[in-house]
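1. with the sequence up front, the predicted model follows.
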Amino acid sequence: MDTHNTRVGCPNLDRLPKLGFLGVGWIARLRLKALLESHEAEITALADPSEEALRNTGVLVPEARCGSSLEWLLDQPLDGLVISTPSALHAEHSIAALEAGMAVFCQKPLARTRPEVETVLDAARAANRLLGVDLSYRWVAGVREIKRRIRQGELGLMYAADLVFHNVYGPDKPWYRTLDLAGGGCVMDLGIQLIDLLLWIFYDASVVDIDSRLYSGGRSLDLPAEQVEDYASVRLDLDNGLSARLACSWNLSAGRDCLIGATFYGTGGAMALSNVNGSFYDLRVEEFKGAGVQSIHALDNAWGGRALLDWARHLARDGRYDPVVESIGEVAAVIDGIYGRRTKSHPPASMTAVASAEGKRSVMAEWLSNLQNLRHAGLRVPS
């Protein structure tokens, strides 16, 4: 029996977890660097069909073995797998790893619809393996203070929230702009982080009404959306009386690289997470009282890897399934509502739980386009 099948389910590994990375693009490299600096895990295997990506990442962990596929990784003696492949493959790759006895940490989104998310959660429960998702804004310094003050009533009665994420550049991969492959546009890519933050803070509340306006190239889209949006304006009403406004976009003329903000308003004050000088990474937390501003945490740019580090620590002490991850199902349900998808019982035909054969081939063709070059580059790529 494989090592990972006998060890990951134990309450304590008594050693650093052995991890593999499936997909080693720039986000994965940032997460990998955070792991290396923390010394919370041993990174022993990398897989990606891109010669350039493997070279760029391999220099960081020269002792790690390199492969080209998920199937190769599943044969390695790993306790867990970090998945950073295209969105259409997240669910399938996560389920395969869980069924092989590995814990999984997946880039957001875990899947493209709530039914697809539920298939991954079901697989994690059945395998009794730890599952984590890279929803990072919970981990920004000062954000837990926002939650604490709201939960303890220090801001009075909470009644409104403004959630904003505008990315001037937008994604550079074609699959991001194909609905079947990405699951959605800027809401799925950017808004998901802010929706998760809202539901994490108000964990005992539910979204009871959604009003969304989606646009592509300046033109309004009918719901249910049949193409990817590049601008979204959304109202989310919670059953605790709070109303949240969400605005997110790709390629908006914002006068800076990006605008990020999550402001929560109460009768006794407000607290806000925002980015500094248009940065994607430099974030701060402030408290507002009337016209007054008090800094809670002036700047944090090291938050990106903290969700992964928390998952790795959890894996070291107990690799069994943790139901805390199930909140991702509610996030997915809200996103389905924004897109006008009726997915409570069944996904629409164009968004089945497993990618269509044509769509899957398209994603795999992109992800594997450089595979043949690997064997000519002197890398250790099994046949």
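-> Sure thing, it's come through. Fair warning: this is a prediction, and the values are worked out from it, not measured in the lab. Numbering: from 1, shown residues only.

2. for the spatially most central residue of the chain, phi and psi?
-> Of all residues in the chain, the one closest to the mean position by C-alpha atoms, centre = their mean is residue 108, 2.0 Å from it. With angles defined as degrees, to the nearest 10, residue 108 sits at phi -80, psi 150.

3. just checking, it touches residue 135?
-> Yes - counting by C-beta atoms under 8 Å, residue 108 touches residue 135, with 5.7 Å between them. Backbone N, C-alpha and C define where each C-beta goes, glycine included.

4. what do these two both touch?
-> Shared contacts of residue 108 and residue 135, defined by C-beta atoms under 8 Å, 6 or more residues apart in numbering, are found at 192-193.

5. and the closest residue to residue 141 other than its chain neighbours, how far from residue 144?
-> Leaving aside its chain neighbours, residue 141 sits nearest to residue 300 (3.9 Å; criterion: C-beta to C-beta, 6 or more residues apart in numbering). Residue 300 is 12 Å from residue 144, where distance means C-beta to C-beta, to the nearest Å.

6. more neighbours: which of the two?
-> More crowded of residue 300 and residue 144, by other C-beta atoms under 10 Å: residue 300, with 20 against 14.

7. in contact with that one, which residues?
-> Neighbour list for residue 300: 140-142, 282-284 [criterion: C-beta under 8 Å, 6+ apart].

8. ok, residue 275 next?
-> Applying C-beta under 8 Å, 6+ apart, we find residue 275 in contact with 258-261, 282-284.

9. do a quick rundown of the helices in the chain.
-> In the chain, the helices defined using DSSP state H lie at 3-7, 26-38, 51-58, 70-74, 87-99, 114-127, 143-151, 179-182, 186, 192-201, 306-317, 327-338, 357-367, 371-374.

10. as a markdown table, those helices with distance to residue 291 and mean pLDDT would be great.
-> Shown next, in a markdown table, are these (distance: least, C-beta to C-beta, whole Å; pLDDT from 0 to 100):
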| stretch | distance to residue 291 | mean pLDDT |
| --- | --- | --- |
| helix 3-7 | 56 | 42 |
| helix 26-38 | 37 | 95 |
| helix 51-58 | 48 | 90 |
| helix 70-74 | 54 | 96 |
| helix 87-99 | 42 | 97 |
| helix 114-127 | 42 | 98 |
| helix 143-151 | 19 | 98 |
| helix 179-182 | 42 | 95 |
| helix 186 | 32 | 98 |
| helix 192-201 | 24 | 98 |
| helix 306-317 | 33 | 97 |
| helix 327-338 | 33 | 98 |
| helix 357-367 | 50 | 49 |
| helix 371-374 | 59 | 38 |
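
11. among those, which is nearest residue 161?
-> Nearest of the helices of the chain to residue 161, taken as C-beta to C-beta: helix 192-201 at 6.1 Å.

12. name the helices or strands packed onto that closest one?
-> Contacting helix 192-201 under the criterion 3 or more C-beta pairs under 8 Å, 6 or more residues apart in numbering; DSSP states H and E are the following elements: helix 143-151, strand 158-167, strand 243-250, strand 258-266, helix 327-338.

13. just give the nearest non-adjacent residue to residue 125, would you?
-> Ranked by C-beta to C-beta, 6+ apart and with sequence neighbours excluded, the top spatial neighbour of residue 125 is residue 321, at 5.5 Å.

14. and the closest residue to residue 260 other than its chain neighbours, how far from residue 142?
-> Nearest residue to residue 260, sequence neighbours excluded (C-beta to C-beta, 6+ apart): residue 275, at 4.0 Å. When distance is defined by C-beta to C-beta, residue 275 is 13 Å away from residue 142.

15. quick check: neighbours shared by these two?
-> With C-beta under 8 Å, 6+ apart as the test, residue 275 and residue 142 both reach residue 284.

16. and stretch 202-215, average pLDDT?
-> Average pLDDT, stretch 202-215: 98.

17. give me the distance from it to the chain's centre.
-> The chain centre lies 19 Å from the centre of stretch 202-215; the measure is C-alpha atoms, centre = their mean, to the nearest Å.

18. again, but for stretch 68-83
-> Taking C-alpha atoms, centre = their mean, one finds the center of stretch 68-83 at 20 Å from the center of the full chain.

19. quick one: buried residues of that stretch?
-> 68-70, 72-74, 76, 78-83 (16 or more other C-beta atoms under 10 Å).

20. now the end-to-end length of that stretch.
-> This stretch, stretch 68-83, spans 13 Å end to end (C-alpha to C-alpha, to the nearest Å).

21. closest to residue 210 out of the helices of the chain?
-> Minimum separation from residue 210 across these (C-beta to C-beta) falls at helix 327-338, 4.2 Å.

22. residue 117: which of the contacts of residue 275 is nearest?
-> The nearest member of these to residue 117, counting by C-beta to C-beta, is residue 260 at 24.4 Å.

23. ok so, going back, mind checking the helices of the chain for the one nearest to residue 254?
-> The closest of the helices of the chain to residue 254 is helix 186. By C-beta to C-beta, the value is 12.6 Å.

24. give me the residues contacting that closest one.
-> 165, 167, 170, 229-232, 248-250.

25. list the residues that contact the residue lying closest to residue 273 once chain neighbours are set aside.
-> Excluding its sequence neighbours, the residue lying closest to residue 273 (C-beta to C-beta, 6+ apart) is residue 262, at 4.5 Å. By C-beta under 8 Å, 6+ apart, the contact set of residue 262 is 137, 161-164, 194, 197-198, 272-274.

26. mind giving me TSV with those and columns for distance to residue 316?
-> Shown next, in TSV, are the contacts of residue 262 (distance: C-beta to C-beta, whole Å):
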residue	distance to residue 316
137	24
161	35
162	38
163	34
164	37
194	30
197	26
198	30
272	35
273	29
274	34
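
27. which of those residues are buried?
-> 137, 161-164, 194, 197-198, 272-273.

28. pull the most distant pair out of the residues you listed.
-> 137 and 162 (14.5 Å).

29. rewinding a little: out of the helices of the chain, deepest packed?
-> Each of these was scored by mean neighbour count; the highest is helix 186, a mean of 28, by mean count of other C-beta atoms under 10 Å.

30. alright, calling it a day.
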